[in-house]
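[1] Provide a 3D model corresponding to the input given below.
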Amino acid sequence: MGEAKSRTRGYVSTVRAEQAAATRARVAAAAAACFAETGWSGTTLAQIAARAGVSPQAVHLSIGPKPALLQAALVAAVGAGGADDPELEAEVFRGMLAPDLSVDDRVRAYAASSQAVHERAGRLFAVLAQAAQTDPELAAWRLSIGARRREVCVALVRACGITGNRRTRVVDLVFVLSSTSVFYEFEALGWSGRHYTEWLVESLTDVLNG
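    Numbers count the residues shown, from 1 in each chain. A predicted model of the protein is given here:
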């Protein structure tokens, strides 16, 4: 009898956890859409709740206040709706570090991943820049994201065999050329994602070979 009750409790607990995860994912997606459409100051918990089809209380309980909602939205967008991994950048760009890749293949993998992240999360990075002006915690988080992105650039440059004093300069160039701000400059000029990626591959190849 006790064993049966234990199994029932375990089943109920699993179902609740799955429901909570589904609600969290729905709220994060709704937050991403709202922030992208109306910016930091224009987005409210009530808007996010309405879009997610839940109550404002459920929004707060599933993720937290407005800064936490932006963080969750960005993490989900970077990972294409994936996990709440604070080191998600490393996972998204892991393909460029696969063994036995040529330099060209590493650059193409990095460029393709960069384009995908820009398209999924670029608007939210712009919102984060707005929010960081008035929220110290988000400002610090934004800096940590930049630091982790730079670590990805360092990993690419190292994997491509760049050594010595030249490495820092090359990392700087990769970091700037592959930034979201540059991506949106090209988008504003009417460039497609494919054309941007081709340009980034060519530019990074020149930098690495320079």
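[2] how is this structure divided into domains?
    For the chain, automatic domain parsing gives the domain ranges 1-80, 85-210.
[3] any chance of those in a markdown table with mean pLDDT as columns?
    Compiled in a markdown table, these are given as follows (pLDDT from 0 to 100):
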| stretch | mean pLDDT |
| --- | --- |
| domain 1-80 | 85 |
| domain 85-210 | 92 |
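[4] can I get those domains in TSV with mean neighbour count?
    C-beta here means a position set from N, CA and C on the backbone, and glycine is covered the same way. Supplementary listing: those in TSV, determined by neighbours: other CB atoms under 10 Å:
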stretch	mean neighbour count
domain 1-80	16
domain 85-210	16
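[5] what's the separation between the residue nearest to the spatial centre of the chain and residue 128?
    Nearest to the geometric centre of the chain sits residue 78, at 2.5 Å (CA atoms, centre = their mean). Applying CB to CB, to the nearest Å, the value for residue 78 to residue 128 is 11 Å.
[6] what of residue 58?
    Per CB to CB, residue 58 is found 24 Å from residue 128.
[7] who touches stretch 42-60?
    Contacts to stretch 42-60, defined as CB atoms under 8 Å, 6 or more residues apart in numbering, come from residues 23, 26-27, 29-31, 33-35, 38, 62, 65-66, 69.
[8] kindly report the same for stretch 106-114.
    92-93, 95-98, 101, 152, 156, 159-160, 178, 183, 197, 200-201, 204-205, 208.
[9] same deal with stretch 17-29?
    If you take CB under 8 Å, 6+ apart as the criterion, stretch 17-29 is touched by 48-49, 52-54, 58-59, 62-63, 69, 72-73, 75-76, 81.
[10] rerun at 6 Å
    The contact list for stretch 17-29 (CB atoms under 6 Å, 6 or more residues apart in numbering) reads 52, 59, 62, 63, 72, 73, 76.
[11] most widely separated two among those residues?
    Greatest spatial distance in the contacts of stretch 17-29: 59 and 76, 14.4 Å, computed using CB to CB.
[12] okay, the residue nearest to the centre of the chain and residue 96: tell me how far apart.
    16 Å.
[13] and residue 60, what element?
    helix 56-62 (DSSP states H and E).
[14] name the helix or strand for residue 153, please.
    In this assignment (DSSP H and E), residue 153 forms part of helix 136-159.
[15] identify the residues contacting that helix?
    The contact list for helix 136-159 (CB under 6 Å, 6+ apart) reads 67, 89, 93, 96-97, 106, 110, 128, 131-132, 167, 170-171, 174-175.
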